[in-house]
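J.: Sequence and predicted model, in that order:
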Amino acid sequence: MSKPSLTERPARHRPQVRVLRAVMRANAALREAHKDFMQKLGTNIVEFDFLAALGNTEGLRMKDLANAMITTPSNVTRVCTTMEKKGLALRERSSESDREVIARLTPKGQKRFEDLFPKVASFTTETMDTLMGENELTSLAEALEELLRELRPRD
C-alpha cells in the first residue's frame, strides 16, 4: 500500500468526512441538550417525536410514520407499542387496505402533544438562538433537509 502524497488530504479533513462527523456529533450534542429538559416533562426525544409526527393529523400509515420520525424505521413499531400501552396511541387496519396499518393519537395522546409541543418548541428555539442567527439556521436546515432527501430511498 502506497503512502498518500503530501498534497492529498487525510481522510478526516475531506469535506465529506467532516460533514458526516459534524452531523453525527451535532445530533448527539443536541440530544444531550434536550435530555434533561425532556425528562422534566416526563418523556424522551423519541416519544416526543412520535407525538409530534402524529399530532394534529388523522393518523399516518406506519411506513409514513417511520419516514416522519427521527428514529430508525425498525424502532417505530416498538415506540408505537409503548405509546399504546400508555394510552396515547392506537393502531388500526386501514379501511382501504388490510395490509396497511394506521397509527393515530388517542384523545389523551393529542392532549399530551398539545401540552408538550409548545414547551419543546420554545426550549429548542431558545437553545438554537444562542448558537446561531436565523439566517444561519435557515441555511443549515435547508442544507440538511436536502441531504436527507438525497439519502432517503426513493419509493
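T.: Okay, I see it.

J.: tally of neighbours for R31?
T.: Neighbour count for R31, taken as other Cβ atoms under 10 Å: 14. Every residue, glycine included, has its C-beta placed from N, CA and C.

J.: err, A141, not the other one
T.: If you count neighbours by other Cβ under 10 Å, A141 ends up with 11.

J.: Just the buried residues of the one helix or strand it maps to, please?
T.: Following DSSP states H and E, the helix or strand that holds A141 is helix 134-151. Within helix 134-151, no residue counts as buried by 16 or more other Cβ atoms under 10 Å.

J.: which helices and strands sit right next to that helix?
T.: Identification of packing neighbours for helix 134-151 by 3 or more Cβ pairs under 8 Å, 6 or more residues apart in numbering; DSSP states H and E yields helix 15-40.

J.: now whichever helix or strand comes after the helix it packs on: how far from the chain's centre is it?
T.: Next helix or strand after helix 15-40 toward the C-terminus (DSSP H and E): helix 45-54. Relative to the centre of its chain, helix 45-54 is centred 8 Å away, using Cα atoms, centre = their mean, to the nearest Å.

J.: Partner strands of the very next helix or strand once past helix 45-54, with direction?
T.: Going down the chain from helix 45-54, the next helix or strand is strand 60-61, by DSSP H and E. Applying DSSP bridges, strand 60-61 is found paired with strand 101-105 (antiparallel).

J.: Outside of the partner strand itself, list whatever touches it.
T.: Here strand 101-105 makes contact (Cβ atoms under 8 Å, 6 or more residues apart in numbering) with 51, 54-55, 57-62, 65, 80, 88-94, 112-113.

J.: what's the answer for stretch 32-39, then?
T.: With contact meaning Cβ under 8 Å, 6+ apart, stretch 32-39 is reached by N44, I45, F48, V120, F123, T124, T127.

J.: got a list of what the third one touches?
T.: In this structure, F48 makes contact with M38, L41, L116, V120, judged by Cβ under 8 Å, 6+ apart.

J.: any idea how far the first one is from R25?
T.: Taking Cβ to Cβ, to the nearest Å as the criterion, M38 is separated from R25 by 20 Å.
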